[in-house]
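Asker: Starting from these lines, generate the structure:
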Amino acid sequence: MAGSSYATASRRKILEYLKNSNDHTVTAADVDEYLKQHDSEVNITTIYRYLDKLAKDGTVIKYVAEKGCQAAYQYVEPGRGCEQHLHLKCVKCGKIIHLECHFMEEISHHIEESHGFTLQCKNSILYGICKECKPGDNENAE
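Answerer: Numbers count the residues shown, from 1 in each chain. Take a look at the predicted model:
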């Protein structure tokens, strides 16, 4: 069936793009643009459905910001386990940093004990600016 092989090829390209972009989040529009650039146009609804399937099976993490904002997705290496740490996202370049340090246990414990709130780390994001994007950090001293 031509339709099945088309879907399989498109899905392979989407997964390839997600794997190659695993250090930052991407949107369905980013995936759509990538596919167009690689001569593989797919209906945007199909892209969303596949991304949602990947999110459901744990292949990607789906981040949803404020209501009305576009969801973003990030490929997760098998066995990576993003359930135990927070994520930092640069608002300038989109880079994602997995905050995997013992401090997470300390802050999680504090939040639970002092505020009665349990963190859901898997799809959490703290927004800021990474060191590569900070003004002055990339300038060469003359």
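Asker: Just give me how far stretch 113-121 sits from the chain centre.
Answerer: 23 Å (C-alpha atoms, centre = their mean, to the nearest Å).
Asker: low-scoring pLDDT stretches of the protein, where are they?
Answerer: 1-7, 65-68, 79-83, 122-123, 137-142 (pLDDT under 70).
Asker: distance of Ile61 from Leu54?
Answerer: Separation of Ile61 from Leu54 (C-beta to C-beta, to the nearest Å): 10 Å. Using the backbone N, CA and C atoms, a C-beta is placed for each residue, glycine as well.
Asker: what touches both of those two?
Answerer: Shared contacts of Ile61 and Leu54 (C-beta atoms under 8 Å, 6 or more residues apart in numbering): Tyr73.
Asker: The closest residue to Val64 other than its chain neighbours and His102, how far apart?
Answerer: Spatially, and ignoring its direct neighbours in sequence, Val64 is nearest to Ala71 (4.9 Å; C-beta to C-beta, 6 or more residues apart in numbering). To His102, Ala71 is 31 Å away according to C-beta to C-beta.
Asker: Between these two, which is the more surrounded one?
Answerer: Between Ala71 and His102, counting by other C-beta atoms under 10 Å, Ala71 is the more crowded of the two (15 against 6).
Asker: and that one, what are its phi and psi?
Answerer: Backbone torsions for Ala71, taken as degrees, to the nearest 10, come to phi -70, psi 150.
Asker: Name all residues that make contact with it.
Answerer: 27-28, 51, 62-64.
Asker: Cross those against strands and list the overlap.
Answerer: The strands, defined by DSSP state E, take in 62-63 from the contacts of Ala71.
Asker: Show me just the buried residues among the contacts of Ala71.
Answerer: Buried members of these, scored by 16 or more other C-beta atoms under 10 Å, are 27-28, 51, 62-63.
Asker: from the residues you listed, which two are the most distant?
Answerer: Based on C-beta to C-beta, the longest span within the buried ones among the contacts of Ala71 runs between Ala28 and Tyr63 and measures 12.5 Å.
Asker: so what's in contact with the two at the same time?
Answerer: Joint contacts of Ala28 and Tyr63 (C-beta under 8 Å, 6+ apart) are 71, 73.
Asker: Can you list the residue ranges for helices in this structure?
Answerer: 2-20, 28-37, 44-56, 103-115 (DSSP state H).
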